[in-house]
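[1] Test case, fold it:
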Amino acid sequence: SSSSSVSFFGNTDLSSSRALAASTFLAGDEPLTIIPSFNLPQPMELLSGTIGPFRAGSDAVVPLWLATMLRRRKLAKIVPPPWMDAEVLREVLRFERDLREQSFSPDLPFRHAEVARAILSACRAGSGTGSAAGDAGGDSEIPNADRIKLLLEDIADVRMDKIRRNVHQLSASTLKQRRKTESIIDVTNIGSLEMHAIKPFVTESFRLHRELSGKGSSFSQDVEPDANSRSAGASG
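    Residues are numbered from 1 along each chain as shown. Next up is the predicted model:
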């Protein structure tokens, strides 16, 4: 497959834009707490399960897609997840910038980027206005929305730099020692969109690494896959 596509479902290649759309769609099932402004005594039967009943002013847990739809129609307020807080994200950013940490911060969920984007959009927050709410109407339930958006962007940039640094250090170390074993990059707690973004880069890096280390360009030449093992790393 070309370097502009990613394998998202099994061996099916998707373009980057389609992979983003698919990942965003899958994030729609992530649970989110809302505060509805309506009453619905009967529960709702969805493909993903039963939600409700709803009582005005009382918390309810619904899928992300329903939460954003209700918010856009002004039928509910969204309760931001605990990690969507400026102080929490500042701690995550400090963790990611720590050169001693090879993995990613465990404080962010796998689909944090998709969830945050959907919430900020539905709440009309993070508009770049510089206001505390980041909402032109002043009714956003996301405090410091613009700051949160910038922190998430900084975290994504630092994580990408970490991946590139780890690949460089791994290649330099392996080529110097001429090891026969396969190499591993620790991507524990990596995010969904980050995973799709780095796959073409990492795939090409490992291909070149194998060629330079004399192992050939195909991952299947020397490595037999272990069906019983699951690794958080990416092997080359």
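
[2] which stretches of this structure form helices?
    Along the chain, counting by DSSP state H, helices occupy 16-27, 64-72, 86-97, 112-122, 145-177, 192-212.

[3] now the angle from the longest one to helix 112-122?
    With axes from the mean of the first three to the mean of the last three CA atoms, to 10 degrees applied, the angle from helix 145-177 to helix 112-122 works out at 160 degrees.

[4] what do you get for the shortest one?
    Compare the direction of helix 64-72 with that of helix 112-122 by the same axes, to 10 degrees and you get 20 degrees.

[5] give me the low-pLDDT residue ranges for this protein?
    For the chain, the stretches with pLDDT under 70 are 1-16, 125-139, 171, 173-183, 213-236.

[6] middle-most residue in it, spatially?
    Gly191 (3.1 Å; CA atoms, centre = their mean).

[7] and it, what is it in contact with?
    104, 108, 110-113, 156, 159 (CB atoms under 8 Å, 6 or more residues apart in numbering). For the C-beta atoms, the positions are set from N, CA and C on the backbone; glycine is no exception.

[8] Convert the C-alpha atoms of stretch 64-78 to PDB, please.
    Extracted C-alpha coordinates of stretch 64-78, given in PDB (Å, rounded to 0.1, in the frame of the first residue of the first chain):
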ATOM      1  CA  LEU A  64     -21.000  10.900  22.400                       C
ATOM      2  CA  TRP A  65     -23.000  11.200  19.100                       C
ATOM      3  CA  LEU A  66     -26.300  11.600  21.000                       C
ATOM      4  CA  ALA A  67     -24.700  14.000  23.600                       C
ATOM      5  CA  THR A  68     -23.400  16.300  20.800                       C
ATOM      6  CA  MET A  69     -26.700  16.200  18.900                       C
ATOM      7  CA  LEU A  70     -28.700  17.100  22.000                       C
ATOM      8  CA  ARG A  71     -26.200  19.900  22.900                       C
ATOM      9  CA  ARG A  72     -26.500  21.400  19.400                       C
ATOM     10  CA  ARG A  73     -30.300  21.500  19.800                       C
ATOM     11  CA  LYS A  74     -29.900  23.000  23.200                       C
ATOM     12  CA  LEU A  75     -31.700  20.100  24.900                       C
ATOM     13  CA  ALA A  76     -28.800  19.200  27.200                       C
ATOM     14  CA  LYS A  77     -25.500  20.400  28.600                       C
ATOM     15  CA  ILE A  78     -22.400  18.300  28.300                       C
END
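
[9] To what extent is the closest residue to Ala118 other than its chain neighbours buried, counted in neighbours?
    Spatially, and ignoring its direct neighbours in sequence, Ala118 is nearest to Thr68 (5.2 Å; CB to CB, 6 or more residues apart in numbering). For Thr68, the neighbour count with other CB atoms under 10 Å is 22.
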